Structure formats: structure tokens, C-alpha cells
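Q: Need a 3D model of the following:
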Amino acid sequence: MMEKEAGSGLPPWNAAAVAGPEGLAAFVPAYAPVLTPRGAALALLALMFVSTLVDAATEGHDSAALLLWTFVSGFSSSFLSFYWFRLDREQRGWPRSRWLSIAVIFLTPLAVPWYIARSRPRGRKLRGVLRFFGYLLLVLLASALGGMLALVLS
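A: As a prediction, this is how the structure comes out:
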């Protein structure tokens, strides 16, 4: 097989390594997430604050930009919820489930407590679910603060 050329930046191709137990995984770099689960949760809080601020400040206005903002903020909130779920699931070694992934995207307030109750060790299930509901209160508070700030600024 071909070896890497000097300065190409590619790892050398080693047929013996590919045939080994690791296979091509030896050549694939490890995935390094951009955010931690806590970072994704904080990003979602910030998004809820900004989203409510924009919605309240532009109430009564109709434009394509507002429609686009509604779409982008809705998509972003679903994405951040799923991103948190994916990172948490990987950290805990919880197996993949297509239906749970879909539920986390579309039914977050129902699916996440179920996932938390199932994925936490005995003795930490209730605490995890209560922390999630506390987080939901923070999301509502962030939204309320965004709405109040929009009223003050207008």
C-alpha cells in the first residue's frame, strides 16, 4: 500500500493495522464534543431567554425574518435538547434507542425524565428527575425574564 507523502498531514496507511482487531477505528480520530452536557443545558437556557425576548419585542409584527427566527429557535431548542441527551447517554454508556431519541426531540418534558429515571443508578433516580424539573423551572424563569426585559425596553 501507499505510505503518506511528506507534508501531506495524513497518517501513514498501514494495511496490517487495518487488518488488526481495531480495523479502521485506529485511523478515525476520537470524537471531541463541542459542549459538555452542562454547556448544552446552559446554551438552551440562554436560547430560551433570547427567544422570548425577541418574540415579545416583535409581537404584532409580521415578516419573513420573524418566521425564520421562530423556525431557527425551535430547531435550535430541539437540537440542544437532543445534544444534551446524546452526550449524557454516551457518558453513562446507555444504549442507543431510536424511539427514545425521537421522543427526546419531540416530547422533551416527558422523555427526558423517563430517560433520567432509567439511566441513573439506584438511589439517584429521584434526585435526577427532581433536578430536571428544577431545570425546567429555570427555563421558565429565563423565558419570563426575557419577556419582562422586552416589555421594559419597548
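Q: show me where the chain has helices.
A: With DSSP state H as the criterion, the chain has helices at 15-19, 37-57, 64-92, 98-106, 108-119, 125-153.
Q: Mean pLDDT and mean neighbour count added to those, as CSV?
A: No exception for glycine: its C-beta is placed from N, CA and C like everyone else's. Formatted as CSV, the helices of the chain follow (pLDDT from 0 to 100; neighbours: other CB atoms under 10 Å):
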stretch, mean pLDDT, mean neighbour count
helix 15-19, 50, 11
helix 37-57, 91, 18
helix 64-92, 91, 15
helix 98-106, 93, 14
helix 108-119, 94, 17
helix 125-153, 93, 14
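Q: For the residue sitting nearest the centre point of the chain, give me its contacts.
A: What sits nearest the mean C-alpha location of the chain, by CA atoms, centre = their mean, is residue 83, with 2.1 Å. Listed by CB atoms under 8 Å, 6 or more residues apart in numbering, the contact partners of residue 83 are 35, 40.
Q: And the one 10 residues further on, by the same measure?
A: Under the criterion of CB under 8 Å, 6+ apart, residue 93 has no contact partners.
Q: From residue 146, how far off is it?
A: For residue 93, the distance to residue 146 equals 36 Å [CB to CB, to the nearest Å].
Q: Check residue 91 too.
A: Using CB to CB, residue 91 is found at 30 Å from residue 146.
Q: What of residue 117?
A: From residue 117 across to residue 146, the span is 30 Å (CB to CB).
Q: And for residue 116?
A: Distance, residue 116 to residue 146, by CB to CB: 26 Å.
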